[in-house]
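Engineer: okay, predicted coordinates and the sequence, questions at the end:
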Amino acid sequence: MAPSSLARKGLLVMCSLLWSLPLQAGVLDWLWSSGDSPAQVVVTSPFLKWYTGPAGGYPVFHASEKGEWLTLLKQKTRWIKVRDSRGREGWVLQDDLATGSLTADGQVAVAARPQRDDFIKRAGEAVIMMGDFEGAASISVAAGWQFTRNLALEVQGSQVLGSRSEIRLANLSIQHQPFPGWRLAPYLTMGGGVAWISPKATLAQTERRQNPTAHIGLGLRYYLADQYFLRAEIRDYKVFTDRKTNEEVTEWKLGLGIFF
């Protein structure tokens, strides 16, 4: 696989992440319309503002009062189309419905969209990153678990395609985030793992190697919106070999993540 092919695959996965929330909206459309009748909610806040279209630039033309029943029709990004008992239809903000309505059995029918506070209190995250591994293209996928506000455990797998060898890395690391409340939050990472190195030799038989690794690094997370954040990282690896000297490699990467 060429480095350019690796980059195209990484970009494809990043695009799929960007489309994940709109797809969730499509799933909600299916759930609301697949039953015997569309979902209905009762207004519990003093009022809910109706807009003529699914954006804040559209005018407000109506307001539902407390105790009024609404039928949920469909969702478009952070807007939900509703219908009242008189047949009128309009668009309501998802967050307004989440905090100002309930189903007949007292449940919340619409979840509020994730906010920055949810990012700070996240339980975990999934990230895909692309970058440079000592001059070779690299792509990484990672999953992390936040067990305190400042500390997280992460598992990461990487593939590096260089002109002379192909490298696969598996790493386990501890991350320390000293300022979790910042929108642009730095963190430190350190850990270890294994590197599988397969030389690309055509004229002579070469041996595949499996070597333990250790790394330290510095990274940044930047909260974007909803469930998304950007992440940048630089790592210094030490690859322990059975030669006279160990190998040292620098890697930098940039990627997109979602939290949960």
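Structural biologist: Done, it's in.

Engineer: for the rest of this, base every contact and every neighbour count on C-alpha atoms.
Structural biologist: Noted.

Engineer: can you list the residues that contact the helix or strand that contains His215?
Structural biologist: Assigning secondary structure by DSSP states H and E places His215 in strand 209-225. With contacts defined as CA atoms under 8 Å, 6 or more residues apart in numbering, strand 209-225 is touched by 114-116, 119, 183-198, 229-241.

Engineer: tell me the buried residues within the residues you listed.
Structural biologist: Among the contacts of strand 209-225, those classed as buried by 16 or more other CA atoms under 10 Å are 116, 119, 183, 185-198, 229-240.

Engineer: narrow the residues you listed to those in helices?
Structural biologist: The members of the buried ones among the contacts of strand 209-225 that map onto helices under DSSP state H are 116, 119.

Engineer: now, which of the buried ones among the contacts of strand 209-225 lie within strands?
Structural biologist: Using DSSP state E, the subset of those located in strands is 185-198, 229-239.

Engineer: not counting its neighbours along the chain, what's nearest Ser165?
Structural biologist: Nearest residue to Ser165, sequence neighbours excluded (CA to CA, 6 or more residues apart in numbering): Pro199, at 4.0 Å.

Engineer: I figured that neighbour was touching Arg164, is that so?
Structural biologist: Yes: with contact defined as CA atoms under 8 Å, Pro199 counts as touching Arg164 (5.9 Å).

Engineer: out of these two, which sits in the busier spot?
Structural biologist: Ranked by neighbour count (other CA atoms under 10 Å), Pro199 and Arg164 place Pro199 first, with 17 against 11.

Engineer: show me the contacts for the more buried one.
Structural biologist: 164-166, 206-208.

Engineer: restricted to buried residues, select those residues in PyMOL.
Structural biologist: Selection of buried members from the contacts of Pro199 for PyMOL, criterion 16+ other CA under 10 Å:
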select buried, resi 166
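
Engineer: among the contacts of Pro199, which one has the lowest pLDDT?
Structural biologist: Ranked by pLDDT, these bottom out at Thr206, which scores 62.

Engineer: tell me how far Trp252 lies from Arg209.
Structural biologist: Distance of Trp252 to Arg209, computed by CA to CA, to the nearest Å: 23 Å.

Engineer: comparing the two, which shows the higher neighbour count?
Structural biologist: Between Trp252 and Arg209, counted using other CA under 10 Å, Trp252 has the larger neighbour count: 19 against 12.

Engineer: I'd say the more buried one and Ile234 touch.
Structural biologist: Yes: look at Trp252 against Ile234 with CA under 8 Å: they come within range, at 4.2 Å.

Engineer: and after the worst-scoring helix or strand of the chain on mean pLDDT, which helix or strand comes next?
Structural biologist: In the chain, the helix or strand scored least confidently by mean pLDDT, DSSP states H and E is helix 20-34, which has a mean of 46. Toward the C-terminal end, the helix or strand that comes next after helix 20-34 (DSSP H and E) is strand 40-43.

Engineer: and that next one, which strands flank it?
Structural biologist: If you go by DSSP bridges, strand 40-43 pairs up with strand 69-76 (antiparallel), strand 101-102 (antiparallel).

Engineer: OK, contacts around Ala98?
Structural biologist: Taking CA under 8 Å, 6+ apart, we find Ala98 in contact with 108-112.

Engineer: out of those, who's the most crowded?
Structural biologist: The most crowded member of those is Val110, carrying 20 neighbours; neighbours defined as other CA under 10 Å.

Engineer: what's the closest non-adjacent residue to that one?
Structural biologist: Distances taken as CA to CA, 6+ apart place Ala98 nearest to Val110, at 4.9 Å, with adjacent residues excluded.

Engineer: in the stretch 101-250 of the chain, what spans have low per-residue confidence?
Structural biologist: 201-206 (pLDDT under 70).

Engineer: on that earlier part again, would you reformat the contacts of Pro199 as CSV and include distance to Asp84?
Structural biologist: CSV is the format used below for the contacts of Pro199 (distance: CA to CA, whole Å):
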residue, distance to Asp84
Arg164, 66
Ser165, 64
Glu166, 61
Thr206, 73
Glu207, 72
Arg208, 68
